[in-house]
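Asker: Here is a sequence with its predicted model. Questions after.
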Amino acid sequence: MDVHAFYSHCPHMVARDDLPSAKLRKNAPEAIPAILLGQMALNAPLKGRKLGRQLLVDALGCMTELAEQGSGALIVIDPLNDQARGFYLAHDFHELRHTDRLFVTMAEARESLKVNG
């Protein structure tokens, strides 16, 4: 069996001080529950077909469902390189302070799913 695409995720925490805006930091706990999108990849022959966007939409859907069952206010990603970073920034992720990680709020992810789902 060939693997054509995959993503992984796990529970995570984000420090309140890493959030980029005072609005997001206001009333937030010191450690904010999050879900880390650990890795997301497409098999090389599938690249360039806009399937990365579809895989991201699937991953966001999975993680927003998980957040509804448990906790998680943010989705966090560690971009592998500048190209990956550009991909996530183009899909409305934001930079965390004091780190190279990116994030999107669960509310933003749910809204994105309404538009892209």
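Answerer: Perfect, I can see it now.

Asker: Of all the helix elements in this structure, which one is longest?
Answerer: Ordering each helix of the chain by length in residues (DSSP state H) puts helix 51-69 first.

Asker: List the buried residues for that helix?
Answerer: The neighbour-count criterion (16 or more other CB atoms under 10 Å) identifies 52, 55, 56, 57, 59, 60, 61, 63, 64, 66, 67 as the buried residues of helix 51-69. The C-beta positions use only the backbone N, C-alpha and C, and glycine is treated the same way.

Asker: Chain neighbours aside, what residue packs nearest to the third one?
Answerer: The shortest distance from residue 56 to any non-neighbouring residue, by CB to CB, 6 or more residues apart in numbering, is to residue 91 (6.0 Å).

Asker: Repeat that for the first one.
Answerer: If you skip the residues right next to it in sequence, residue 52 has residue 42 as its closest partner in space, 5.9 Å away by CB to CB, 6+ apart.

Asker: so the residue nearest to residue 56 makes contact with residue 55?
Answerer: No - counting by CB atoms under 8 Å, residue 55 is not a contact partner of residue 91; they are 11.1 Å apart.

Asker: still on that earlier bit, continuing past the longest helix of the chain, what's the next helix or strand?
Answerer: strand 74-77 (DSSP states H and E).

Asker: thinking again about what came up before, could you report the distance from the residue nearest to residue 56 to residue 109?
Answerer: If you measure residue 91 against residue 109 using CB to CB, to the nearest Å, the figure is 10 Å.

Asker: swap in residue 84?
Answerer: Following CB to CB, the distance that separates residue 84 from residue 109 is 18 Å.

Asker: Which of these two has more residues huddled nearby?
Answerer: Set side by side, residue 84 and residue 109 give different neighbour counts by other CB atoms under 10 Å, the larger being at residue 109 (24 against 16).
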